[in-house]
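A.B. asks: Here is my input; please provide its structure:
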Amino acid sequence: MISFLASRLAFAGLVLLVLSAFVFFLFFVAPGDPARLLTGEKATEAQVAQVRANLGLDRPIHEQYLSFLGRTVQGDLGFSYRNQQPVTKLISNRMPATISLGIGAVLMWLALGIPIGIMSARHPGSWRDRMGQGFILVGVSFPTFVLGMALLYLLYFMPRQAGFTLFPAGGYKPFLADPLIWAWHMFLPWVTLALTTAAIYARLTRGEMLAVMGEDYIRTARAKGLSEHKVVLKHGFRSILTPLTTQLGADIAAVLGGAIVTEQVFGLQGIGSLAVQAVGNQDRPIIIGVVLLAGFFIVVANIMVDLLYVLLDPRVRNAH
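C.D. replies: I've put the predicted structure just below:
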């Protein structure tokens with residue numbers, strides 16, 4: 001177990017090192033003046049010269065990269081000259097909204113998608129299965145921004161026209177200030193992000209359960225007199241946890257990296273909206289910081305998935 005964890009951490013470190021090198025060479029070694037690109041076109045020559053000196057751009061490339069890597073490891077993601085703030089501070093201010101969106105959406109899509117997939121698989125060809133497949137088809141086909149706009153129209157605009165407020169239009173409210181107000185403002189973004197993803201989990205769960213429920217050990221469990229509930233949950237569902245865990249690790253990384261569309265629709269000032277603004281303003285330090293942070297989230301999510309493999313699958317655990 002320790003050797004497995006050490007190998008995973010070593011590989012994760014290598015991936016992050018390669019990502020940092022790619023980002024450095026893309027933004028600092030590519031043609032053009034990096035200092036001018038970082039400060040923007042409106043910066044004076046004195047400001048450009050100051051940035052060039054601060055970043056040590058007159059030094060050899062390998063020294064510049066080592067300095068860049070050292071600052072990144074210490075949590076220094078650079079300075080946004082357009083916002084006149086450190087990138088780390090800008091990202092940390094936006095992090096609560098993205099984390100709130102991710103946590104609520106993950107819980108909601110698991111609570112919806114997995115039961116629907118199990119129900120559909122337990123009654124193949126029945127009306128329950130058709131309803132489940134209908135949910136999957138609609139959820140997979142519906143673009144996130146269309147669903148978000150439809151929810152805003154149905155649950156915000158129309159009630160406001162009728163003289164009452166059912167849900168707010170959006171915006172993030174801090175959790176610690178008032179958890180109920182926080183959840184009230186986050187509910188529509190959660191539903192928007194969760195419904196489309198829940199359809200994917202329902203389809204995955206249904207397909208895996210249909211394959212598992214025909215196995216010999218399932219028939220043996222039924223022959224021993226176990227209830228269908230125990231057969232499905234204890235034997236069937238447990239066998240499909242590995243592919244569900246794989247999907248969940250990728251989806252969590254994507255959400256924490258910034259659910260851009262949902263944040264834009266509901267005006268959530270999260271990491272996704274920060275990235276969009278940075279691209280529009282050509283704010284290179286923020287772009288670099290968001291890319292590195294997203295890569296870090298993806299690597300951490302994959303490490304968590306690998307550890308869950310060890311806990312869920314005895315074959316993986318015995319191999320290490």
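
A.B. asks: where are the low-confidence patches of the stretch 151-300 of the chain?
C.D. replies: Within the stretch 151-300 of the chain, the stretches with pLDDT under 70 are 256-258.

A.B. asks: now with 50?
C.D. replies: Along the stretch 151-300 of the chain, the model assigns pLDDT under 50 to no residue.

A.B. asks: can I get the CA coordinates of stretch 233-251 in CSV?
C.D. replies: Listed in CSV are the C-alpha atoms of stretch 233-251, where the atom choice follows Å, rounded to 0.1, in the frame of the first residue of the first chain:
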residue,chain,number,x,y,z
LEU,A,233,-26.9,-3.4,-3.6
LYS,A,234,-24.5,-5.9,-1.9
HIS,A,235,-23.4,-7.8,-5.0
GLY,A,236,-24.5,-6.0,-8.1
PHE,A,237,-23.9,-2.3,-7.2
ARG,A,238,-20.7,-3.1,-5.4
SER,A,239,-19.2,-4.6,-8.6
ILE,A,240,-19.8,-1.4,-10.6
LEU,A,241,-18.2,1.0,-8.1
THR,A,242,-14.9,1.0,-9.9
PRO,A,243,-16.1,2.5,-13.2
LEU,A,244,-18.3,4.9,-11.3
THR,A,245,-15.3,6.0,-9.3
THR,A,246,-13.3,6.6,-12.4
GLN,A,247,-16.0,8.8,-13.9
LEU,A,248,-16.4,10.7,-10.6
GLY,A,249,-12.7,11.5,-10.4
ALA,A,250,-12.7,13.0,-13.8
ASP,A,251,-15.9,15.0,-13.2
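
A.B. asks: Now tell me what touches stretch 281-292 from outside.
C.D. replies: With contact meaning Cβ atoms under 8 Å, 6 or more residues apart in numbering, stretch 281-292 is reached by 19-20, 23, 27, 37-38, 40, 72, 77-83, 87-88, 90-91, 258, 271, 274-275, 277-279. Where C-beta positions appear, they are placed from N, C-alpha and C, glycine not excepted.

A.B. asks: For H123, which residues are in contact?
C.D. replies: Here H123 is in contact with D129 (Cβ under 8 Å, 6+ apart).

A.B. asks: Which other helices and strands does the longest helix anywhere in the chain contact?
C.D. replies: In the chain, taking DSSP state H as the definition, the longest helix is helix 87-122. Other elements packing on helix 87-122 under the criterion 3 or more Cβ pairs under 8 Å, 6 or more residues apart in numbering; DSSP states H and E are strand 79-80, helix 127-141, helix 179-212, helix 241-256, helix 260-265, helix 271-281, helix 284-312.

A.B. asks: As TSV, the ones you listed with distance to L151 and mean neighbour count would be great.
C.D. replies: Shown next, in TSV, are these (distance: least, Cβ to Cβ, whole Å; neighbours: other Cβ atoms under 10 Å):
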stretch	distance to L151	mean neighbour count
strand 79-80	33	22
helix 127-141	14	16
helix 179-212	5	21
helix 241-256	18	18
helix 260-265	9	22
helix 271-281	18	19
helix 284-312	26	19
